[in-house]
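1. Following is a predicted model, sequence given first.
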Amino acid sequence: MKTHCKVSLVAVASVLALAACDEGGSTSGPGAPAVPKSVTIRTTSSNATTATAPAVPGSPVLAEIAPEAVTVCKYGTDASFDYTWTDKADRGNTGGDRFSLLDGDCVVVLEADEDGADVTVTEDLSALPNGGQLDRVVVSVRTDDAFSSTTSSDPVAQGMPRGGQPTVGVLMEFFNSIVPGGGEGCTPGYWKQSQHFDSWTNHLPDDPFDNVFDPDDQDLRRPERGSTADITLLQALGLRGGGVNELIRHTVAALLNAASGDVSYDLNESDVTSRYTAAIGGDVEGQKEEFAAFNEQGCPLN
């Protein structure tokens with residue numbers, strides 16, 4: 001009996017599983033997606049399929065393009081992708097998911113049998129690190145023992161793998177880079193004014209400070225009382241005094257600068273949160289001075 005168990009839908013760090021694959025392309029379990037005869041979802045880390053990047057990224061040779069499959073590779077930055085497929089034998093039967101790749105990693109997201117599938121992979125540019133941009137996407141299509149490659153700047157890549165005659169395999173390579181930025185920043189005094197709340201991105205004035213930053217429950221310095229567990233991001237911007245209080249208000253300003261797409265800031269949000277964590281119990285004054293210098297470079301916002 002022929003088995004049609006050939007689709008991998010995986011994230012490199014974690015595989016999102018809904019159902020198990022059994023012979024004949026069926027699935028089981030609550031909420032299991034419908035799976036056509038020509039494709040089957042792989043659902044556990046034990047059968048997730050990683051792949052090896054071409055020796056020369058963007059210039060693969062035939063042997064580096066897996067037949068009957070769609071392989072995705074990522075270069076330059078980490079990134080997240082949305083992925084969909086449609087069974088060519090049954091257009092009403094579709095599926096998809098979201099997955100992530102680290103810089104330099106490759107993964108087989110789908111293997112097809114016989115009739116094959118239409119596959120679309122879209123890079124989520126909004127999830128790139130601060131300053132990240134898409135440089136190009138190289139799609140190489142292998143048909144039996146020959147292949148061709150095309151290059152575009154579109155974050156949407158498409159392919160039609162199949163296991164019939166001819167066999168078709170698709171390699172999608174996404175290239176990103178970080179655009180050097182920096183030189184701009186807005187102060188705590190700017191961000192705490194209500195007329196500027198519409199400039200906040202990814203965060204709200206009433207968000208609890210400890211929901212964003214670790215360690216939790218950092219004691220405040222006089223003249224303030226309590227700890228960071230008691231304050232919002234807006235209240236953190238208005239803390240009085242020096243020491244850890246000054247670090248906290250400049251940390252929140254740094255966070256909002258990093259989150260803003262209209263501020264060319266020297267750090268991204270992850271940089272800000274990790275540096276704050278390292279400074280608590282360490283070099284509070286030095287980190288405060290760095291954030292303050294970045295925040296006082298000049299605000300491009302109204």
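-> In hand now; what should we look at? Just so you know, these numbers come straight off a predicted model, no measurement behind them. Residues are numbered from 1 along each chain as shown.

2. Residue 165: how many residues sit nearby?
-> Using other C-beta atoms under 10 Å, residue 165 has 8 neighbouring residues. For every residue, glycine as well, the C-beta is placed using N, CA and C.

3. how close does it sit to residue 144?
-> Per C-beta to C-beta, to the nearest Å, residue 165 is found 8 Å from residue 144.

4. And residue 267, by the same measure?
-> Distance from residue 267 to residue 144, by C-beta to C-beta: 50 Å.

5. One more: residue 237?
-> Distance from residue 237 to residue 144, by C-beta to C-beta: 63 Å.

6. How about residue 99?
-> 28 Å.

7. more neighbours, the two?
-> residue 99 (23 against 12).

8. Which elements pack onto the one helix or strand that one maps to?
-> Element membership for residue 99, per DSSP states H and E: strand 94-101. When contacts are defined as 3 or more C-beta pairs under 8 Å, 6 or more residues apart in numbering; DSSP states H and E, strand 94-101 sits against strand 69-75, strand 79-87, strand 106-111.

9. Looking at the ones you listed, spot the one closest to residue 126.
-> Relative to residue 126, the nearest member of those by C-beta to C-beta is strand 79-87, separated by 9.0 Å.

10. returning to what we had before: got the helices and strands packed on strand 94-101 as JSON lines, with distance to residue 231 and mean pLDDT columns?
-> Formatted as JSON lines, the helices and strands packed on strand 94-101 follow (distance: least, C-beta to C-beta, whole Å; pLDDT from 0 to 100):
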{"stretch": "strand 69-75", "distance to residue 231": "38", "mean pLDDT": "93"}
{"stretch": "strand 79-87", "distance to residue 231": "31", "mean pLDDT": "90"}
{"stretch": "strand 106-111", "distance to residue 231": "42", "mean pLDDT": "88"}
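
11. Export those as CSV, with columns for distance to residue 272 and mean neighbour count.
-> Output for the helices and strands packed on strand 94-101, formatted as CSV (distance: least, C-beta to C-beta, whole Å; neighbours: other C-beta atoms under 10 Å):
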stretch, distance to residue 272, mean neighbour count
strand 69-75, 24, 26
strand 79-87, 20, 21
strand 106-111, 30, 26
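
12. now the ones you listed in a markdown table, with distance to residue 138?
-> Converted to a markdown table, the helices and strands packed on strand 94-101 look like this (distance: least, C-beta to C-beta, whole Å):
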| stretch | distance to residue 138 |
| --- | --- |
| strand 69-75 | 9 |
| strand 79-87 | 15 |
| strand 106-111 | 13 |
